[in-house]
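In: Sequence first, predicted coordinates after that:
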Amino acid sequence: MYFSLKTFVIITACLLSGCAAVQYNDGDKVSIQSDGWYGLDSLHDTAVKACQQYGKSKAVYIHSANMNPNLPKGSGVQNTIWKCEP
């Protein structure tokens, strides 16, 4: 698998400092990838901003899951899904 230098730098920065980033946004659903210690309040703020890019004003929590299913629930990198609403 080939990664650009920019991708490598972003991933390294996230691993060292922790981060949350929008992984997918189609205006109906938003997927946010984050470290396990990020709270839903912080992720909600990010999801609302992502929904606002499509003229929506709310983000409703749907589901969270570990990116690595072998880790205990709530630990490691999380993938959180939000639904955008008017």
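Out: Received it, and whenever you're ready, just let me know what you need. Residues are numbered from 1 along each chain as shown.

In: Relative to Cys19, how far out is the residue nearest the centre of the chain?
Out: Centre of the chain computed as the mean C-alpha position; nearest residue by Cα atoms, centre = their mean is Ile32, 1.4 Å away. Taking Cβ to Cβ, to the nearest Å as the measure, Ile32 falls 10 Å from Cys19. Placement of C-beta: from N, CA and C, glycine included.

In: Quick check, pLDDT for Lys6.
Out: At Lys6 the predicted local distance difference test score is 70.

In: Tell me if it really is in a helix.
Out: Yes. Assessed with DSSP: H, G, I helix; E, B strand; the rest coil, Lys6 lies in a helix.

In: and the nearest residue to Tyr54 once chain neighbours are set aside, how many neighbours does it have?
Out: Spatially, and ignoring its direct neighbours in sequence, Tyr54 is nearest to Gly27 (3.2 Å; Cβ to Cβ, 6 or more residues apart in numbering). Neighbour count of Gly27, defined by other Cβ atoms under 10 Å: 12.

In: List the residues that contact Gly27.
Out: Taking Cβ atoms under 8 Å, 6 or more residues apart in numbering as the definition of contact, the neighbours of Gly27 are Cys51, Gln53, Tyr54, Gly55, Lys56, Cys84.

In: how far away is the third one from Ala20?
Out: If you measure Tyr54 against Ala20 using Cβ to Cβ, the figure is 19 Å.

In: what's the answer for the second one, then?
Out: If you measure Gln53 against Ala20 using Cβ to Cβ, the figure is 16 Å.

In: which one of the two has more residues nearby?
Out: Ala20 (18 against 12).

In: in the sheet, who's paired with the more buried one?
Out: On the basis of DSSP bridges, Ala20 takes part in beta bridges with Ser34.

In: Could you report the separation of it from His44?
Out: 11 Å.
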